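[1] return a 3D structure for these sequence lines:
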Amino acid sequence: MSKTILITGAGSGLGKGTALGLAKNGHRVIATCENWPQVSELMEVAKRDNVDLEVTKLDYPNKDDHETVICKYVDAIDIFVLNAATGQTGPVAEIPVDRIRQVFEVNVFATLELAQAFAKVAVARGKGKIVFTSSIVGFSTFPYLAPYVSSKHALEAIVQIMREELEGTGVTIATINPGPFKTGFNDRMYDTVDQWYEPGKNFSKEEPLRKVQELFASDDFQLDPQEMIDFMVELIPQEKHKFRNVYPEKIIGNCKEYQDSLWNLRVGF
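    So this is what the prediction gives:
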């Protein structure tokens, strides 16, 4: 059955591929992008591929964009996919806190504001679904990735509580938790450390930072994004599925092992 789906962060990566894939499958898709150049580029791709796709601008920190998109589309959509995100990297003992605030503003606060606007309408009509694109780092960690990891941990808590509080209203709440996929997002995120970190000036050692940076940029570590896009395209329109949707599933065991390890971890000086 065809759905009306609004997906944010569709200007690149998983969001772009998922928006196009859902539209190709016959759904009415409203795809939002962070800026106008992304809007133009996505419209060109949709036209080239003969895909019927509605594209508009939605910059998460821009309150005017929030109001415009919500007023125009919120009553019409069946499924709201909150996919847009940003990230910063660096040793958490030194990274400027304003950089962490900026990540939380996008990944947590603006995301929640948009979810609240749709939740109000969905609860009133007794039906709707909100899907949050989280990450495996919502319940695991990676060194030098604290701004992004902590924002996804916060988002996971909010979404878990929202699901519990909205139970019985007819509104479905769920997460999609991708592993590391080669969309360019991870590479760009790890590059942000070079905007402020100076070897010798900062006390954090450079070598371990660069090793993790190289790991995230490697082809061996990052997976083919089309696999994740196919997973999202299949899952999002479904009436019933798991609350937490991790892909690839083989990562689930690693995440559980990490969580278990914390219970017996001893520290001291």
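[2] what's the local residue count around residue 51?
    16 (other CB atoms under 10 Å). Just so you know, the C-beta spots here come from the backbone N, C-alpha and C atoms, and that holds for glycine as well.
[3] and the nearest residue to residue 58 once chain neighbours are set aside, what element?
    Distances taken as CB to CB, 6 or more residues apart in numbering place residue 32 nearest to residue 58, at 3.6 Å, with adjacent residues excluded. Using DSSP states H and E, residue 32 sits in strand 28-33.
[4] can you name the element that comes right after that strand?
    Assigned by DSSP H and E, the successor of strand 28-33 is helix 36-48.
[5] tell me the buried residues in that next one?
    38, 39, 41, 42, 43, 46 (16 or more other CB atoms under 10 Å).
[6] the stretch 101-250 of the chain: helices as residue ranges?
    Using DSSP state H, counting those that start in this stretch, the helices of the stretch 101-250 of the chain run over 111-125, 146-165, 185-191, 206-217, 225-235.
[7] can you redo those as TSV with mean pLDDT?
    Shown next, in TSV, are the helices of the stretch 101-250 of the chain (pLDDT from 0 to 100):
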stretch	mean pLDDT
helix 111-125	98
helix 146-165	98
helix 185-191	86
helix 206-217	89
helix 225-235	97
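[8] how about these in CSV, adding distance to residue 139 and mean neighbour count?
    Below are the helices of the stretch 101-250 of the chain laid out as CSV (distance: least, CB to CB, whole Å; neighbours: other CB atoms under 10 Å):
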stretch, distance to residue 139, mean neighbour count
helix 111-125, 17, 18
helix 146-165, 6, 19
helix 185-191, 18, 19
helix 206-217, 18, 15
helix 225-235, 18, 18
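[9] looking at the ones you listed, spot the one closest to residue 255.
    helix 146-165 (11.5 Å; CB to CB).
[10] please tell me how far the closest one is from the chain's geometric centre.
    11 Å (CA atoms, centre = their mean, to the nearest Å).
[11] same deal with stretch 204-219?
    Using CA atoms, centre = their mean, the offset of stretch 204-219 from its chain centre is 23 Å.
[12] output it as PDB, nothing but the C-alphas.
    The C-alpha coordinates for stretch 204-219 follow below in PDB (Å, rounded to 0.1, in the frame of the first residue of the first chain):
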ATOM      1  CA  SER A 204      46.100  14.700  23.300                       C
ATOM      2  CA  LYS A 205      48.500  12.500  21.400                       C
ATOM      3  CA  GLU A 206      48.100  12.700  17.600                       C
ATOM      4  CA  GLU A 207      49.100   9.100  16.600                       C
ATOM      5  CA  PRO A 208      46.000   7.200  18.100                       C
ATOM      6  CA  LEU A 209      43.700   9.900  16.700                       C
ATOM      7  CA  ARG A 210      45.100   9.500  13.200                       C
ATOM      8  CA  LYS A 211      44.900   5.700  13.400                       C
ATOM      9  CA  VAL A 212      41.100   5.900  14.200                       C
ATOM     10  CA  GLN A 213      40.700   8.500  11.500                       C
ATOM     11  CA  GLU A 214      42.400   6.200   8.900                       C
ATOM     12  CA  LEU A 215      40.300   3.300  10.100                       C
ATOM     13  CA  PHE A 216      37.000   5.100   9.500                       C
ATOM     14  CA  ALA A 217      38.200   6.200   6.000                       C
ATOM     15  CA  SER A 218      39.300   2.700   4.900                       C
ATOM     16  CA  ASP A 219      37.400   0.700   2.400                       C
END
